[in-house]
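>>> All I have is the shape, not the residue letters:
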């Protein structure tokens, strides 16, 4: 790598006392506010251990339930509760069989009381369910963990529910009117069960309850199976002790990493990008798409169902389509340079949240797997984890047997990939490394950032790399740091890692600065990664907590759900989460003595740095009405796409208005719309050789969906010009298996414009229904060119005024020149020898660390 300067600056020091206090705040304030998520220590590898997520791993200390008129609950004795659970775990870990575990857990006071209670509706109908031994064990674990309300809420509450659980919803969320309504509903429901004050004893569950209960068991089994690493959940509660044990040292410092600045080290950045292109056959792509993306508020307009972020329609296509489109652009560049087809295998982590898994699979099917072949995709589904109330630590439930569940963070991706054989799948495709990005980041593949990141990682044999940029203090994002610590062995460890924004206060970072703005000296964590697959799998295959990196309990969220009465509730809460980028903590380099002025390029972890709008701009939250901030909204991300278009085209001698700050566009759309297919590059060095001269005026629209394209002195003085092609980068050819596959460079559409002027009324910018970030706009007039199959379009020395639509059929070339008056149109069939490769094409060739283009006429 290019040399980097010493990085020991903008540092934060944690002394032993600070380590204790900082890390204690991760959990113990939560502990004192009864909102524990994981109380139990894992000491057994048995899949039936109580410490799993299905049981006490997700333990929340119970409290007295109460109706709006009941007296305050008796405070829970937390030390006694923790002692009880630890003792139970210890005895369960010593049990050698499921029968022995049953005997142990049957002796637990909470379990014994629940199943002996005459008030427990569920305990009475349990026999009718005919559960097998393991299912029954899971049910007992839920009770032992203090979550009996999950399985007994339908019957009005058992002993634990009625006597020990405080219903946060009735006391806080409902208010007096809602409380009265709830009480009325419960009274009416009780009338269905009572005849002249004689309680009808239920002997079994009705059909819909059986379905819900079976679904609950599947959730518990999934959690039991996945969260089986030793001590995984004790991290949430005992993080302070864990850190004190592992960080017994004089101090720990985090420094601002220097990284490679791509915009300043142009020659090296170009070389790194070429390494990335060369190494494409060794790279996979990984997308963590399991998140629920609640902040987007995305809803299916036809069904009203909530949708995951991958389905957000953005700039004319879903965000998932945008990811594959960016990937195909890099593969097309590889084809143009080396003349070989390269199809990258794509691993996609999904989840059941918002029917995420099935929606993504259905979309891929609908789009014929993007012409890549079904075998090039591997969808693996992450388990959901129960959401908890921040007020009392109980699992939130939407209806009987139905806990509110959310994805447990993208950090589960490593262990899940190991468990599901995804690493082996990548190896079977000959892959050594992979690039990772989040679906909401719509600019991650801009110019050379992603290629340079991957190129450095592959070329230098690195284990993990970050793509970073200047941090925006207003954004909810973490920071990349260079960690320096002295281990218990006496060795010094160094490596790049990440600290999430949720942990700043907990770690005392903000208080470590005399000026809060100094936090911006640390670069932003963007979740754009390069990872060495073998190194990641070594960590993921460990049977300990390192396979779930960055494990935290985040209870700063607002959880919204519809309860069993059909009322939408929004309560403070959270869930157990882990972060994929914190796998970097396992890749530190160790030295016998402290390194002053450590060189980052000697480490196994690294960072590339670029201008923010070329690295990250996210469409991750819905813009609220009346909110003047566009940050991390689809609207704000569109402005960054427009700024990138300005940066690209203004360096091609094309005049266009500069894009101002976000504050200039709060009540209006962007100054113009420019959408360029990434296969025009994706490196700007390539794109800029296809554009030269001309202008684009304010209020104009330009969309170019064709890779084989040439622009010379084109003026879009006012109005709209849209160029669409079916065969943007190649054509679909069915193989013997009849699975359609995209063949790059074969029968591409082509378009050349020279000395062209465009005048029309274009977009109606005053139309209130325009949604610019969706590219849903009302046009009054426009120039539209549609290229079917391998169609070609040439326009020379002409002016297009008013509304025009030119639709060129497959196998034909339309040539337009000026005539007196008007235009001269000549439509000819493409000669047979030119049908596959066109009448002209761009020839790509390497020139040192750069790529040069030459137009070849055939």
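Happy to help now that I have it. Computed from a prediction, not measured in an experiment: that's the story for all the values here.

>>> switch to C-alpha atoms for all contacts and neighbour counts from now on
Will do.

>>> My guess is residue 273 contacts residue 448. True?
Yes. Residue 273 lies in contact with residue 448 (CA atoms under 8 Å); the separation is 5.9 Å.

>>> remind me which residues of the stretch 51-200 of the chain are low pLDDT?
Scanning the stretch 51-200 of the chain for pLDDT under 70 picks out the ranges 51-76, 118-119, 153-200.

>>> What's the separation between the residue nearest to residue 628 when sequence neighbours are not counted and residue 631?
Nearest non-adjacent residue to residue 628, counting by CA to CA, 6 or more residues apart in numbering: residue 666, 6.1 Å away. To residue 631, residue 666 is 11 Å away according to CA to CA, to the nearest Å.

>>> okay, these two: which has more neighbours?
Taking neighbours as other CA atoms under 10 Å, residue 666 and residue 631 compare with residue 631 leading, 20 against 16.

>>> residues of stretch 606-622 that come out buried?
For stretch 606-622, burial by neighbour count (16 or more other CA atoms under 10 Å) applies to 606-610, 612-622.

>>> Could you check how far it is from the centre of its chain?
On the basis of CA atoms, centre = their mean, to the nearest Å, stretch 606-622 is displaced by 13 Å from the centre of the chain it belongs to.

>>> sorry, back to before: pLDDT score for the residue nearest to residue 628?
Model confidence at residue 666, expressed as pLDDT, equals 85.

>>> and it, what is it in contact with?
Contacts of residue 666 were listed using CA atoms under 8 Å, 6 or more residues apart in numbering, and they are 628, 629, 630.

>>> Share the number of residues neighbouring the closest residue to residue 332 other than its chain neighbours, please.
Nearest non-adjacent residue to residue 332, counting by CA to CA, 6+ apart: residue 744, 6.3 Å away. Neighbourhood size, residue 744 [other CA under 10 Å]: 25.

>>> Local confidence estimate at residue 744?
Listed pLDDT for residue 744 reads 97.

>>> go on, the one 3 residues further on?
Residue 747 is assigned a predicted lDDT (pLDDT) of 97.

>>> who touches the closest residue to it other than its chain neighbours in this structure?
The spatially closest residue to residue 747, leaving aside those adjacent along the chain, is residue 836, at 4.4 Å (CA to CA, 6+ apart). Contact analysis of residue 836 by CA under 8 Å, 6+ apart lists 746, 747, 748, 790.

>>> Give me the phi and psi for residue 836.
When read as degrees, to the nearest 10, the backbone of residue 836 gives phi -80, psi -40.

>>> Distance-wise, check the residue nearest the centre of the chain relative to residue 110.
With distances taken as CA atoms, centre = their mean, the residue of the chain nearest its centroid is residue 438 (4.1 Å). To residue 110, residue 438 is 43 Å away according to CA to CA.

>>> what's the answer for residue 419, then?
Taking CA to CA, one finds residue 419 at 34 Å from residue 110.

>>> The two: which has the busier surroundings?
residue 110 (18 against 15).

>>> Just grab the bridge partners of residue 842 for me.
Beta-bridge partners for residue 842, by DSSP bridges, are residue 855.

>>> Would you confirm that it contacts residue 851?
No. When contacts are counted by CA under 8 Å, residue 842 is not listed as touching residue 851 (11.8 Å).

>>> before we move on, the earlier item: give me the buried subset of the contacts of residue 666.
Using 16+ other CA under 10 Å, the buried ones in those are residue 630.

>>> nearest to residue 220, of the contacts of residue 666?
For the contacts of residue 666, the closest approach to residue 220 (CA to CA) belongs to residue 630, at 39.9 Å.

>>> show me what contacts the residue nearest to residue 673 when sequence neighbours are not counted?
For residue 673, ignoring the flanking residues on the chain, the nearest one in space by CA to CA, 6+ apart is residue 701 at 4.7 Å. Neighbouring residues of residue 701 by CA under 8 Å, 6+ apart: 672, 673, 674, 719, 720, 721, 722, 762, 763.

>>> can I get those residues in JSON lines with secondary structure, distance to residue 290 and neighbour count?
JSON lines is the format used below for these (DSSP: H, G, I helix; E, B strand; the rest coil; distance: CA to CA, whole Å; neighbours: other CA atoms under 10 Å):
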{"residue": "672", "secondary structure": "coil", "distance to residue 290": "34", "neighbour count": "22"}
{"residue": "673", "secondary structure": "strand", "distance to residue 290": "31", "neighbour count": "23"}
{"residue": "674", "secondary structure": "strand", "distance to residue 290": "31", "neighbour count": "22"}
{"residue": "719", "secondary structure": "coil", "distance to residue 290": "40", "neighbour count": "28"}
{"residue": "720", "secondary structure": "strand", "distance to residue 290": "38", "neighbour count": "28"}
{"residue": "721", "secondary structure": "strand", "distance to residue 290": "37", "neighbour count": "24"}
{"residue": "722", "secondary structure": "strand", "distance to residue 290": "34", "neighbour count": "17"}
{"residue": "762", "secondary structure": "coil", "distance to residue 290": "39", "neighbour count": "22"}
{"residue": "763", "secondary structure": "strand", "distance to residue 290": "37", "neighbour count": "22"}
